[in-house]
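# Fold the following, please.
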Amino acid sequence: MSTAERPEARNDELWKDRSAYRRAYAQDWGDLCAFLRARFGAGPPDPEDVAQQAFLKLGERPSDRSLESPRAFVFRVAINLTLDGRRRRQRTARLLDASAPALEPDDAPDVERALIARDDLKLLEKVVAGLPDRHRRYLAASRIEGLSFAEIGRREGVSEALVRKTIDETTAVCQRALARGVIDYRGLSRERNRRS
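Predicted coordinates:
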């Protein structure tokens, strides 16, 4: 039953019902991937990876925040993630290209923002250091090397679904650490006695 069929359900209660989230995911996943592919091409970043990240952000929204259109939210987040990924790749390419003119530094951030960023970085370094090997490898391949979930799966000899699940778990641990300031590894799948 959709929220349109349940006019009494308020939008800020929507994600208290995880089945509503799953329905939104099922209804909009294919459309979002097709939209990203049509607007931005096959990547990088990979449209399926971006769509997954957008839905992850939707699912992490506190239930006390109203949301008029979950579909519009994930589409906007996906567009922003794609544009951010492209800008990051362009900056990296410029830095690696010795013939490119040097980038001018931005205005110096204020001291408070710089200290917060430094503390966040230290916290994330601790989180990553404590991750199981598989989680660390997949996260590095995705975030540092820029590989898609499918590429990581092929390289590691595992399914794309396992890669997606592992990176989602790792991302959730990192986001919880940044939000709460406490490292909590609950929710990570354990290493198995198989190649992972």
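# other SSEs contacting the one helix or strand Gly30 maps to?
Assigning secondary structure by DSSP states H and E places Gly30 in helix 18-40. In terms of contacts (3 or more CB pairs under 8 Å, 6 or more residues apart in numbering; DSSP states H and E), helix 18-40 is packed against helix 47-59, helix 70-96. Bear in mind the C-beta positions are built from the backbone N, C-alpha and C, glycine included.
# How far does that helix sit from its chain's centre?
The chain centroid and the centroid of helix 18-40 are separated by 15 Å under CA atoms, centre = their mean, to the nearest Å.
# just flag whichever of the helices and strands packed on helix 18-40 has the lowest average confidence.
Mean pLDDT is lowest for helix 70-96 among the helices and strands packed on helix 18-40, at a mean of 81.
# For Val173, see how far away Leu188 is.
Distance, Leu188 to Val173, by CB to CB, to the nearest Å: 7 Å.
# Now do the shared contacts for those two.
Counting by CB atoms under 8 Å, 6 or more residues apart in numbering, the shared contacts of Leu188 and Val173 are Leu131.
# Go through the helices and strands packed on helix 18-40 and name the closest to Arg137.
helix 47-59 (16.4 Å; CB to CB).
# Distance from the closest one to the middle of the chain?
With CA atoms, centre = their mean, you get 6 Å for helix 47-59.
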